[in-house]
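Undergrad: sequence first, then the predicted structure:
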Amino acid sequence: MRIVVKRHVGDGTPFFSPVANMRFDQTDLYASRVTFRAGELATYQAVVADNAGQEVARRYTYRAVMGVSMGGNAAVRIGLKHHDDFDMIGTLGGDPGMSTPYLLNYLTEYMFGGFCTAADQAAGLGNIGEMCLTKQRSVMSDQFERAQNYEAFLYEDGDGTGLTLDRELYIRGFRDMSRAFGNPILYNPDNPYAPPGVPFDYFATTDRCGSPIVLNNFYDEQYNPDGTFPVITFCDGGDSPVKGVGVFDPDLAQDNPMEPALAVDVNGNGVRDSGEPLIINMIEPFDDLGPDGLASVDEPGYDAQTNPDPNGDDYHYQRNPLGTENNFDFDQGESYDDFGLDGVEGTCQYTDGTTECYDYGEGDGEWTRNPNHTIWLETDAVNGLGALTAAERSRIDIWSDAGIRDFMNNALTNNFGAATMVADFEIPLRVYDGFGILTGAANEAIYDFAEVDWTRIPANGYIRYGNPDATENLILAGDGRHVGTALQLINRITTMFSWIQAQWPGGDRQLAGAGQIIEELSFVSPTTGRDTPYSLFLPPGYEENPGTSYPTVYFLHGYGQSPEDLVLASALFENYMTNPDWEESMRFQKLIIVYVDGRCRPRKSGVPVDPTGDGCENGTWYTDSPLGGPAQMETHMFELVDFIDANYRTKPEATVNMIP
């Protein structure tokens with residue numbers, strides 16, 4: 001059963017919409033009434049696929065990849081990129097989320113933004129070198145978007161975040177992401193990490209904070225349109241005991257290198273002072289107005305109250321997921337300035353790194369984005385799913401969750417991803433606001449994952465957790481945050497594993513003895529020689545039943561964690577595989593669970609980046625680092641898959657007749 005929507009604006013073409021909380025009347029034997037939550041008045045129609053109920057042959061690899069936070073992001077990227085190797089992808093709060101265009105806009109507008117531009121200065125709203133927070137894009141309050149700016153990173157008191165959101169963490173995390181995916185804000189053809197004009201070996205010098213590199217004639221449309229100001233490498237400070245955690249304090253020692261970034265040195269003192277902006281050269285400037293080239297206010301018939309979107313092209317993840325105006329991405333037909341990444345016409349192109357030329361892409365006749373975004377876009381749902389055929393998309397299932405108060409707006413990026421899956425690719429997916437709707441529980445406290453009837457739920461799902469009306473005390477306890485409350489965390493993990501084991505047909509659910517939790521194992525990469533740790537759970541009955549093979553789940557940990565930080569959760573899953581009070585059909589089928597390493601290793605004490613190790617600090621994002629070195633984590637993961645298949649009884653691939 002699906003819901004088709006016809007809006008009464010634009011051309012009125014019907015589309016599938018990611019409506020929330022779709023549920024059948026459980027008292028109606030004929031299932032003739034369905035309820036759901038939608039975002040606007042429109043024409044809704046319940047429809048059924050013409051092949052519903054028909055048996056199909058499906059190939060199963062009997063492998064799933066899932067992860068939390070950093071690992072959740074990696075699970076989506078790896079699972080879609082290597083869709084032939086997995087049956088399912090699970091992402092638990094997978095920061096930085098499933099919409100790369102949104103993320104990059106968020107970095108520009110909020111995390112590295114808030115500064116006065118040349119346009120602001122010309123309008124008398126504030127000078128370059130000052131903050132203009134009122135000029136930031138309005139937050140999407142209906143999706144609980146949370147704002148910040150470079151001089152006041154978002155910090156959360158209380159529980160449920162999982163990380164200490166101080167300035168050091170934000171900057172360290174950005175360094176590691178730039179090492180893993182390439183520098184997203186600036187492009188240097190000579191190195192995927194360093195800004196243009198900055199040699200990579202500069203980062204090995206000990207006095208970087210006292211001896212910045214100064215670049216002249218560095219243009220930027222927003223902050224240095226005539227190239228007047230010098231542009232410098234810079235270091236940031238710690239958290240202010242006076243101004244608060246996450247807040248920039250110029251009176252503190254500035255000793256934390258912001259390596260991938262450059263700042264405009266408005267006063268020319270060789271230090272980034274308060275208000276001096278960061279250069280963000282991600283994409284060529286374009287008008288995000290849709291192919292009609294008109295902002296809504298300029299469309300014929302516009303009225304703010306009665307007709308706010310006459311042409312029907314304003315993007316909204318639920319109301320108009322096929323919209324192209326303000327969708328944070330370039331669409332064919334939208335106008336752009338072919339001025340290169342710096343956005344200024346007539347500036348010279350980067351050549352050999354010895355001349356003062358820092359632009360890229362000007363005059364090439366096409367819209368240009370930072371080439372480093374190639375890796376970043378692998379985490380994007382549109383990009384990943386769009387690279388697959390319809391048959392390939394139908395063979396891999398995705399389950400995600402996100403807190404509505406996640407510090408990186410993870411629920412909002414998952415809204416974008418859900419809209420893509422439902423509207424663009426017509427993938428059967430349901431969206432749920434909280435866990436209770438899965439069983440009809442009146443509230444989260446009485447939700448029991450064991451009561452979920454997975455036969456009545458599509459294989460693809462997305463849960464937004466968190467109470468929109470939570471009290472301050474509930475929020476401080478973690479409601480809707482990155483990790484969530486203690487109860488939300490348990491519900492997240494148990495629901496994810498319940499979903500995974502329910503998707504594979506058959507399976508061993510008989511009572512058996514204890515499973516085995518093995519925390520400290522390792523294998524040596526045949527390609528890089530990296531000694532790579534992993535942890536392992538072997539299911540109950542593994543030793544007693546040598547003729548039985550098992551599906552395998554590859555579980556990827558979060559930023560700053562290690563495999564052993566998650567492996568003890570296997571005790572929960574073991575209990576659900578052996579609970580004698582449950583009917584056999586309710587028990588989890590037995591699985592092998594492999595906890596995969598994504599931490600930076602080795603790391604010498606007191607050395608932020610160990611040159612003899614992975615070349616990063618706390619997390620690899622499970623990528624093959626474009627900087628080279630032993631942190632080739634995507635390669636290592638598939639070497640680990642081969643190692644596990646060779647040494648443990650993993651279930652072999654098979655084709656099964658089933659009803660989707």
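TA: Nice, I can see it.

Undergrad: what ranges do the helices span in the chain?
TA: Taking DSSP state H, the helices of the chain run over residues 70-81, 100-106, 118-122, 167-181, 373-376, 381-386, 390-395, 410-419, 472-476, 486-503, 564-567, 570-578, 633-647.

Undergrad: how about those, which one is nearest residue 542?
TA: helix 570-578 (10.9 Å; CB to CB). To be clear about C-beta, it is placed using only N, CA and C from the backbone, and glycine gets the same treatment.

Undergrad: what mean pLDDT does the closest one get?
TA: What helix 570-578 shows for mean pLDDT is 94.

Undergrad: list the buried residues in it.
TA: Going by neighbour count (16 or more other CB atoms under 10 Å), the buried part of helix 570-578 is 570, 573-574, 576-578.

Undergrad: the closest residue to residue 195 other than its chain neighbours and residue 280: what is the separation?
TA: Excluding its sequence neighbours, the residue lying closest to residue 195 (CB to CB, 6 or more residues apart in numbering) is residue 186, at 4.3 Å. Applying CB to CB, to the nearest Å, the value for residue 186 to residue 280 is 8 Å.

Undergrad: can you tell me the centre-most residue of the chain?
TA: The chain has residue 97 as the residue nearest its centroid, 1.7 Å off, counting by CA atoms, centre = their mean.

Undergrad: check contacts around it.
TA: Shown in contact with residue 97 (CB atoms under 8 Å, 6 or more residues apart in numbering): 73, 103, 379, 402, 408-410, 412-414, 416-417.

Undergrad: let me know the closest of these to residue 344.
TA: Ranked by distance to residue 344 (CB to CB), these are led by residue 103 at 25.0 Å.

Undergrad: surely that closest one and residue 412 touch.
TA: No. Contact criterion CB atoms under 8 Å: residue 103 and residue 412 do not qualify, at 9.9 Å.

Undergrad: the residue nearest to residue 401 when sequence neighbours are not counted bridge partners, please.
TA: Here the nearest residue to residue 401 in space, its sequence neighbours aside, is residue 463; by CB to CB, 6+ apart that works out to 4.3 Å. On the basis of DSSP bridges, residue 463 is bridged to residue 401, residue 432.

Undergrad: need the pLDDT of residue 26.
TA: The model reports residue 26 with a pLDDT of 67.

Undergrad: low-confidence ranges, the stretch 351-500 of the chain, go.
TA: For the stretch 351-500 of the chain, the stretches flagged by pLDDT under 70 are 351-354.

Undergrad: coming back round to it: relative to residue 598, how far out is the residue nearest to the centre of the chain?
TA: Residue 97 sits 17 Å away from residue 598, going by CB to CB.

Undergrad: what does residue 528 give?
TA: Applying CB to CB to residue 528 and residue 598 gives a distance of 15 Å.

Undergrad: of the two, which one has the most company?
TA: residue 598 (29 against 19; other CB atoms under 10 Å).

Undergrad: residue contacts, that one?
TA: For residue 598, the contact set (CB under 8 Å, 6+ apart) comprises 70-71, 74, 556-557, 619-622, 633.

Undergrad: and what of residue 101?
TA: 327-329, 380, 382, 416 are the contacts of residue 101 under CB under 8 Å, 6+ apart.

Undergrad: can we see that at 6 Å?
TA: Contact analysis of residue 101 by CB atoms under 6 Å, 6 or more residues apart in numbering lists 328-329.

Undergrad: state the distance from it to residue 185.
TA: Taking CB to CB, one finds residue 101 at 15 Å from residue 185.

Undergrad: same thing with residue 645?
TA: Look at residue 645 and residue 185: by CB to CB, they are 40 Å apart.

Undergrad: looking at these two, which is more packed in?
TA: More crowded of residue 645 and residue 185, by other CB under 10 Å: residue 185, with 22 against 14.

Undergrad: how about that one: what's its closest non-neighbour residue?
TA: Nearest residue to residue 185, sequence neighbours excluded (CB to CB, 6+ apart): residue 280, at 5.0 Å.

Undergrad: for the one you found, give its distance to residue 181.
TA: 16 Å.

Undergrad: also residue 638?
TA: Counting by CB to CB - residue 638 and residue 181 are separated by 19 Å.

Undergrad: ditto for residue 286
TA: Counting by CB to CB, the gap from residue 286 to residue 181 is 22 Å.

Undergrad: please say which of the two ends up with more neighbours.
TA: Shown here are residue 286 and residue 181; by other CB under 10 Å, residue 181 has more neighbours (25 against 15).

Undergrad: can you give me the strands for the stretch 451-600 of the chain?
TA: For the stretch 451-600 of the chain, applying DSSP state E, counting those that start in this stretch gives strands covering 460-465, 516-524, 531-538, 552-556, 592-596.

Undergrad: with distance to residue 273 and mean neighbour count added, can I get these in CSV?
TA: As requested, those are exported to CSV (distance: least, CB to CB, whole Å; neighbours: other CB atoms under 10 Å):
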stretch, distance to residue 273, mean neighbour count
strand 460-465, 40, 24
strand 516-524, 47, 14
strand 531-538, 44, 21
strand 552-556, 40, 26
strand 592-596, 43, 26
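
Undergrad: those strands: which one's closest to residue 195?
TA: For residue 195, the closest of the strands of the stretch 451-600 of the chain is strand 552-556, at 29.9 Å, according to CB to CB.

Undergrad: now the angle from the closest one to strand 531-538?
TA: 130 degrees (axes from the mean of the first three to the mean of the last three CA atoms, to 10 degrees).

Undergrad: what angle do strand 552-556 and helix 633-647 make?
TA: Here strand 552-556 runs at an angle of 150 degrees relative to helix 633-647 (the same axes, to 10 degrees).

Undergrad: average pLDDT across strand 552-556?
TA: In this model, strand 552-556 carries a mean pLDDT of 98.

Undergrad: residue 491 - nearest residue in space that isn't next to it in sequence?
TA: residue 435 (4.7 Å).

Undergrad: give the residue farthest from the middle of this structure.
TA: Ranked by distance from the centre of the chain (CA atoms, centre = their mean), the top residue is residue 544, with 40.9 Å.

Undergrad: does residue 287 touch residue 336 like I think?
TA: No. With contact defined as CB atoms under 6 Å, residue 287 does not reach residue 336; the gap is 7.2 Å.

Undergrad: now do the closest residue to residue 372 other than its chain neighbours, the pLDDT please.
TA: Nearest non-adjacent residue to residue 372, counting by CB to CB, 6+ apart: residue 182, 3.0 Å away. The model reports residue 182 with a pLDDT of 97.

Undergrad: quick one on the thing from earlier: make JSON lines out of the strands of the stretch 451-600 of the chain and add distance to residue 206.
TA: As requested, the strands of the stretch 451-600 of the chain are exported to JSON lines (distance: least, CB to CB, whole Å):
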{"stretch": "strand 460-465", "distance to residue 206": "46"}
{"stretch": "strand 516-524", "distance to residue 206": "33"}
{"stretch": "strand 531-538", "distance to residue 206": "29"}
{"stretch": "strand 552-556", "distance to residue 206": "35"}
{"stretch": "strand 592-596", "distance to residue 206": "35"}
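
Undergrad: and the residue farthest from the centre of the chain, how far from residue 647?
TA: Applying CB to CB, the value for residue 544 to residue 647 is 19 Å.

Undergrad: how many other residues sit next to the nearest residue to residue 578 once chain neighbours are set aside?
TA: What sits nearest to residue 578 in space, not counting adjacent residues and going by CB to CB, 6+ apart, is residue 540, at 5.2 Å. A total of 21 residues lie near residue 540 under the criterion other CB under 10 Å.

Undergrad: what sits against residue 540?
TA: By CB under 6 Å, 6+ apart, the residues touching residue 540 are 512-515, 577-578.

Undergrad: the same query, at a cut-off of 8 Å, please.
TA: Residues in contact with residue 540, defined by CB under 8 Å, 6+ apart, are 512-515, 574, 577-578, 590.

Undergrad: gap between it and residue 644?
TA: Applying CB to CB to residue 540 and residue 644 gives a distance of 19 Å.

Undergrad: again with residue 254
TA: Using CB to CB, we find residue 254 at a distance of 46 Å from residue 644.
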